[in-house]
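Novice: what would the 3D arrangement of this be:
(chains A and B)
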Amino acid sequence: DTEVTQTPKHLVMGMTNKKSLKCEQHMGHRAMYWYKQKAKKPPELMFVYSYEKLSINESVPSRFSPECPNSSLLNLHLHALQPEDSALYLCASSQQTRSSTDTQYFGPGTRLTVL
Amino acid sequence: AQKVTQAQTEISVVEKEDVTLDCVYETRDTTYYLFWYKQPPSGELVFLIRRNSFDEQNEISGRYSWNFQKSTSSFNFTITASQVVDSAVYFCALSEPSMDSNYQLIWGAGTKLIIKP
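Specialist: All right, here's what the predicted structure looks like:
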């Protein structure tokens, strides 16, 4: 069983909708990540939270807004998305270090379709 | 520059055959880490192994084994007696503990493995 959970599993939304993706980890990790993955491509890093503070924003458009309410939870708020934003959104977590050498553990992902 | 190359886009074998997935990397650092992840059709990325650059011992875990060769900058993955459940996309990734690459994993393009019954 994965210790990183994500909801919903699937999401279909219109370009004017507002929705949120949720992620929760139960491993006591202090770093959490959002990735976007298009079909037949590797994941692309979007955001990193370290100790509930945003550490990295990989030039992601403002229509994606991350939030980390506590060390176990990570949200991604979506607003005015475009059809090209349709993808698999993956959440991951790792023990807190300042480098990427820690193992990242991924959730099952949310398949997002923007109409 | 950092780079990970998985030259095999897709491999198809019959169940019970052995199969090797290749991973070649480029890095400037002497200290680095290599990873393999499995992504079945369900979408979840499953961690398989993490190896640091100072540990060149090969590793075996059940039907899975990894061959780390610093001389050729390769970190290949072999599945012995493949099973249908091994069908997935497999990603190799590299990281360096430098200030420039905090949290960044350099991913290969992935190899899609199809195991036919």
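Novice: only C-alpha atoms from now on, for both contacts and neighbour counts.
Specialist: OK.
Novice: contacting residues around residue 31?
Specialist: Just so you know, I chose chain A. A:48-52, A:71, A:93-97 (Cα atoms under 8 Å, 6 or more residues apart in numbering or on different chains).
Novice: hm, I was asking about chain B
Specialist: Contacts for B:Thr31 (Cα under 8 Å, 6+ apart) come out as B:52-54, B:96-97.
Novice: hmm, try it at 6 Å
Specialist: B:Ser53 (Cα atoms under 6 Å, 6 or more residues apart in numbering or on different chains).
Novice: strands along chain B, start to end?
Specialist: B:3-5, B:10-14, B:19-21, B:24-26, B:33-39, B:46-52, B:59-61, B:64-69, B:74-79, B:88-95, B:106-107, B:111-116 (DSSP state E).
Novice: against which helices or strands is the shortest one packed?
Specialist: Judged by 3 or more Cα pairs under 6 Å, 6 or more residues apart in numbering or on different chains; DSSP states H and E, strand B:106-107 is in contact with strand B:88-95.
Novice: for B:Gln2, the count of nearby residues, please.
Specialist: Using other Cα atoms under 10 Å in any protein chain shown as the criterion, B:Gln2 is surrounded by 14 other residues.
Novice: give me the phi and psi for it.
Specialist: Backbone torsions of B:Gln2, given as degrees, to the nearest 10, read phi -80, psi 140.
Novice: can you list the weak-confidence ranges in chain B?
Specialist: Residue ranges of chain B with pLDDT under 70: B:97-103.
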